[in-house]
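> predicted model and sequence below, questions to follow.
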Amino acid sequence: MSEDYVEGNFLGLPEQGENVDVVVLQLPYELTTSYGQGTALGPAACIAASGQVELFDSKLGHDLPSGACIFTAPEWNGEGGSLAEQLDNISGYLQPWFAGDCFPLVLGGEHGILPPLVHAAQNHPLIEGDLGRLTIVQIDAHADLRCELNGESYSHACAASRSLDLGVGRLLQVGIRAYAKEEAEMIQTDERITTFFARETQSSIHGATTWTKWLDTLQNLTGPVHLTIDLDGLDGSLVPATGTPVPGGLTFWQAIETIEAVFSAPNAVVISVDINEIAPQENTPLTQFTAAMLAAKALAVHLKARNEGRWITNAQPAGRSREAIQTTFFKQQLS
């Protein structure tokens, strides 16, 4: 731990200057979890664990932050007396950071954060209200394409389907190995969805070929991209404290390869990342430390994209102090 370590900051990095290059946003949201609990404590646990992550990244070739200002913003306040109010407040908390002047790295919280994040992203300069331009790349054990779970249409199990309902143009999934019949049918019939099942990518017979096809698909991405990483997409042995750990998932290095491939796609721009379903693990920090390492990798390859001119600022710097935006979108949807 370096002498200038700052407790409570991502990677313990001090913040220099008023302008923000990367903002780390914490969403301690846990309202529709259906199995394991603790994701409300996940973002803070990830921040704490990040202080032990090595700052050098071989792809970037430098120590983080490599001259960039990384701002760890105050966490979302969790306010809202109903599901709709909480979703609106999450969107309002995130929206000011999707102005195009900085890169949002979001830590959750259950995967139900995805629809309000997509809603917040719609005014990004590369989207301009047309979410059909946006591709979501999803690492997950679950398809999250249900219509509802336990009577709730905005359950974490519906995060991807609700995001498509908002108008997202394309969804690429990997690691999927736990899904319902209705989700299998949607994957087969909805042309917006491309799914690489874990049964295929992890196969001892043809897994390497399928995995190469996945990486090639990512390299051919175009336009704005959001990367959403549900920790349970990794094998359960790596993240046993996540909300619903599932065996048979991605290896750590497959997750790293996916992150690197998305950010290096020559005709795409990754506008944001979220890492969700983080839950603190008792007796060992393995789960939250794995999340912190993935977040650090996303930060490093974003900075590499900046250095290579594949990410540019699309707005005037707005500083660190930003007021949340009031919205009633989800209240209207759920009324």
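It's in.
> Provide a list of residues in contact with the residue nearest the centre of the chain.
Ranked by distance to the mean C-alpha position of the chain (Cα atoms, centre = their mean), the top residue is Asp274 at 1.7 Å. Under the criterion of Cβ atoms under 8 Å, 6 or more residues apart in numbering, the neighbours of Asp274 are Leu105, Val106, Leu107, Gly108, Ile113, Leu114, Leu117, His226, Leu227, Thr228, Ile229. The way it works is simple: take the backbone N, C-alpha and C, and place the C-beta from them, glycine included.
> isn't the first one right up against Asp21?
The reference is to Leu105. No: counting by Cβ atoms under 8 Å, Leu105 does not reach Asp21; the two are 10.8 Å apart.
> hmm, back to that, who's the residue nearest to the centre of the chain bridged to?
Taking DSSP bridges, one obtains Val106, Thr228 as the residues bridged to Asp274.
> which pLDDT does the model give it?
Looking at Asp274, its pLDDT is 98.
> separation between it and His111?
Distance, Asp274 to His111, using Cβ to Cβ, to the nearest Å: 9 Å.
> Thr217 contacts Thr194, doesn't it?
Yes: using Cβ under 8 Å, Thr217 is in contact with Thr194, at 7.0 Å.
> what is in contact with those two at once?
Leu172.
> ok, back up a step: Glu183: which of the contacts of Asp274 is nearest?
Leu114 (15.4 Å; Cβ to Cβ).
> how close does the residue nearest to the centre of the chain sit to Pro266?
The value you get for Asp274 to Pro266, if Cβ to Cβ is used, is 23 Å.
> and for Phe98?
23 Å.
> neighbour-wise, which of the two wins?
Per other Cβ atoms under 10 Å, whichever of Phe98 and Pro266 has more neighbours is Phe98, with 25 against 10.
> check contacts around that one.
Phe98 touches Pro104, Ala120, Ala121, Asn123, His124, Ile271, Ser272, counting by Cβ under 8 Å, 6+ apart.
> can you check the pLDDT for it?
Looking at Phe98, the pLDDT reads 98.
> likewise Gly36?
On the pLDDT scale, Gly36 gets 45.
> for this protein, longest helix please?
helix 286-307 (DSSP state H).
> next, the angle helix 286-307 makes with the helix or strand hosting Gln26.
Using DSSP states H and E, Gln26 sits within strand 22-27. Between strand 22-27 and helix 286-307, the angle comes out at 150 degrees (axes from the mean of the first three to the mean of the last three Cα atoms, to 10 degrees).
> ok, and what's touching the helix or strand just after strand 22-27?
Once the chain leaves strand 22-27, the next helix or strand it forms, by DSSP H and E, is helix 42-50. With Cβ under 8 Å, 6+ apart as the test, helix 42-50 has contacts from 8-12, 24, 26-28, 72, 75, 107-109, 275, 277-280, 285, 288-289, 291-292, 295-296.
> in helix 42-50, which residues are buried?
For helix 42-50, burial by neighbour count (16 or more other Cβ atoms under 10 Å) applies to Gly42, Pro43, Ala44, Ala45, Cys46, Ile47, Ala48, Ala49, Ser50.
> now do that helix: distance to the chain's middle.
15 Å (Cα atoms, centre = their mean, to the nearest Å).
> where's whichever helix or strand comes after that helix relative to the chain centroid, distance-wise?
Of the helices and strands lying after helix 42-50 in sequence (DSSP H and E), the nearest is strand 56-57. Here strand 56-57 is found 21 Å from its chain centre; the criterion is Cα atoms, centre = their mean.
> strands of the chain, residue ranges please.
22-27, 56-57, 62-63, 70-72, 103-108, 135-139, 170-176, 193-197, 222-230, 267-276 (DSSP state E).
> among these, which comes closest to His302?
When the strands of the chain are compared (using Cβ to Cβ), the closest one is strand 103-108, at 5.4 Å.
> ok, back up a step: most tightly packed of the strands of the chain?
Among these, strand 103-108 has the highest mean neighbour count (mean count of other Cβ atoms under 10 Å), at a mean of 27.
> who does it touch, helix- and strand-wise?
Contacts defined by 3 or more Cβ pairs under 8 Å, 6 or more residues apart in numbering; DSSP states H and E place strand 103-108 against strand 22-27, helix 42-50, strand 267-276, helix 286-307.
> now do the buried residues in the longest one.
Neighbour counts using 16+ other Cβ under 10 Å place 287-306 of helix 286-307 among the buried residues.
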